[in-house]
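S.K.: fold the following.
(chains A and B)
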2 protein chains.
Amino acid sequence: MVGAVPDASESAHVATLTLRPATRTDLPAVLALLVDEERVVDPAGLVVDDVYEQAFAAIDSDPRNEILVLVEGVDDQGDDSRVVGCLQVTYIPGLGKGGAERALIEAVRIRADRRGGGLGRILMERTIERARTRGCGLVQLTSNKQREDAHRFYGRLGFARSHDGFKLAL
Amino acid sequence: MVGAVPDASESAHVATLTLRPATRTDLPAVLALLVDEERVVDPAGLVVDDVYEQAFAAIDSDPRNEILVLVEGVDDQGDDSRVVGCLQVTYIPGLGKGGAERALIEAVRIRADRRGGGLGRILMERTIERARTRGCGLVQLTSNKQREDAHRFYGRLGFARSHDGFKLAL
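M.R.: Presented below is the predicted three-dimensional model:
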């Protein structure tokens, strides 16, 4: 159990939470979170095909990319049901900000049956702290314009809604 | 002269343009573009201190990051005055979109005395084509909400203004 911290400040449902990089063992749970919009998807029912294996390996082997998982309870890194949230961080080197990296966050997810209980805030706060410890000068993300609830959430975390986000599918 | 292409469709000011990854020799010209807001900054007058040397080396050695420069005329990779635009691209691996990378574009610049002549469009179009050739599934960027002119520019290039961009300084 590396890095597990009791969360006395959170609700009784949040006993012990760990934020750590996902391992291959977590991949089904992460994929379940990514496809889970309205209801919990059972990781055991997912087929992890080669495309996901290769994509995960690409992220896992890149020192500037990581998928972080928020794990509840004693983290034995083998029990899918304990992964309650995830996100991806890309650490981007740049010429601005005295050469500090910026952390780009993508694909933030909390398991459908655990939303509204403060887990999202914990996931984000620990990710921000991790970026600060690494030496990043900025954390940035984009959120679909229709997600007003998410925008309030990021505002409460201290983010400034200063930019418009543009996407072009290829 | 690698990759130089005549631009018959552009104005007479645009003779031959090359898009290529920046080399260490281009660093003063790139830094000049990054600090150039209203007027042309002479690269010869810039001191390239260690912070920038190290930041450039970090980008240059990362297979998922590159600074691209748009170079005018015969590209001898040694004449700062020929660099008329630049941007940074980060290729982000992910679990979505069948494992395809997404290309994140940052720090788009055209030299102050050359704006309004179509160079920005050429810089972006060639960067998008480069991302497509690499196999990216998406190109994304953010632009400050106050930059309405830039937003129209990205819209004409086919980008959808679908997201809000959030930033948190650390």
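S.K.: which residues of chain A fall in helices?
M.R.: Secondary structure of chain A (DSSP state H): helices at A:27-35, A:50-60, A:119-134, A:148-156.
S.K.: now the third one - C-alpha only, PDB.
M.R.: Pointing back at helix A:119-134 there. Taking Å, rounded to 0.1, in the frame of the first residue of the first chain, the C-alpha atoms of helix A:119-134 are listed here in PDB:
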ATOM      1  CA  LEU A 119     -14.300  12.000  -5.200                       C
ATOM      2  CA  GLY A 120     -13.900  14.200  -8.200                       C
ATOM      3  CA  ARG A 121     -12.400  17.000  -6.100                       C
ATOM      4  CA  ILE A 122     -10.000  14.600  -4.400                       C
ATOM      5  CA  LEU A 123      -9.000  13.200  -7.800                       C
ATOM      6  CA  MET A 124      -8.300  16.700  -9.100                       C
ATOM      7  CA  GLU A 125      -6.700  18.100  -6.000                       C
ATOM      8  CA  ARG A 126      -4.200  15.300  -5.800                       C
ATOM      9  CA  THR A 127      -3.400  15.400  -9.500                       C
ATOM     10  CA  ILE A 128      -2.800  19.200  -9.200                       C
ATOM     11  CA  GLU A 129      -0.500  18.600  -6.200                       C
ATOM     12  CA  ARG A 130       1.300  15.900  -8.100                       C
ATOM     13  CA  ALA A 131       1.900  18.400 -11.000                       C
ATOM     14  CA  ARG A 132       3.100  21.000  -8.600                       C
ATOM     15  CA  THR A 133       5.500  18.600  -7.000                       C
ATOM     16  CA  ARG A 134       6.800  17.700 -10.400                       C
END
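S.K.: identify the residues contacting stretch A:131-144?
M.R.: Stretch A:131-144 is contacted by residues A:89, A:91, A:97-98, A:100-106, A:108, A:127-128, A:150-151, A:154, A:159, A:163, A:165, B:140, B:142, B:162-170 when judged by CB atoms under 8 Å, 6 or more residues apart in numbering or on different chains. For glycine as for every other residue, the C-beta is placed from the backbone atoms N, C-alpha and C.
S.K.: need the distance between the two termini of that stretch.
M.R.: One end of stretch A:131-144 to the other measures 23 Å (CA to CA, to the nearest Å).
S.K.: related to what we said a few turns ago, quick one, which of the helices of chain A is packed in tightest?
M.R.: Mean neighbours per residue, mean count of other CB atoms under 10 Å in any protein chain shown, is largest over the helices of chain A for helix A:27-35, with a mean of 21.
S.K.: and that helix, what other elements does it pack with?
M.R.: Helices and strands touching helix A:27-35, by 3 or more CB pairs under 8 Å, 6 or more residues apart in numbering or on different chains; DSSP states H and E, are helix A:50-60, strand A:65-72, strand A:83-92, strand A:102-110.
S.K.: same question for stretch A:158-170, mean pLDDT?
M.R.: Mean pLDDT, stretch A:158-170: 97.
S.K.: then that stretch to PDB, C-alphas only?
M.R.: Output of stretch A:158-170 as PDB, limited to C-alpha atoms (Å, rounded to 0.1, in the frame of the first residue of the first chain):
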ATOM      1  CA  GLY A 158      -9.500  27.600  -8.900                       C
ATOM      2  CA  PHE A 159      -9.300  27.200 -12.600                       C
ATOM      3  CA  ALA A 160      -9.900  30.300 -14.800                       C
ATOM      4  CA  ARG A 161     -12.300  29.800 -17.800                       C
ATOM      5  CA  SER A 162     -10.100  32.000 -19.900                       C
ATOM      6  CA  HIS A 163      -9.900  30.200 -23.300                       C
ATOM      7  CA  ASP A 164     -12.100  28.600 -26.000                       C
ATOM      8  CA  GLY A 165     -11.200  25.100 -27.000                       C
ATOM      9  CA  PHE A 166     -11.100  24.100 -30.700                       C
ATOM     10  CA  LYS A 167     -11.100  20.600 -32.100                       C
ATOM     11  CA  LEU A 168     -10.700  19.300 -35.600                       C
ATOM     12  CA  ALA A 169     -11.300  15.600 -36.300                       C
ATOM     13  CA  LEU A 170      -9.000  14.100 -38.900                       C
END
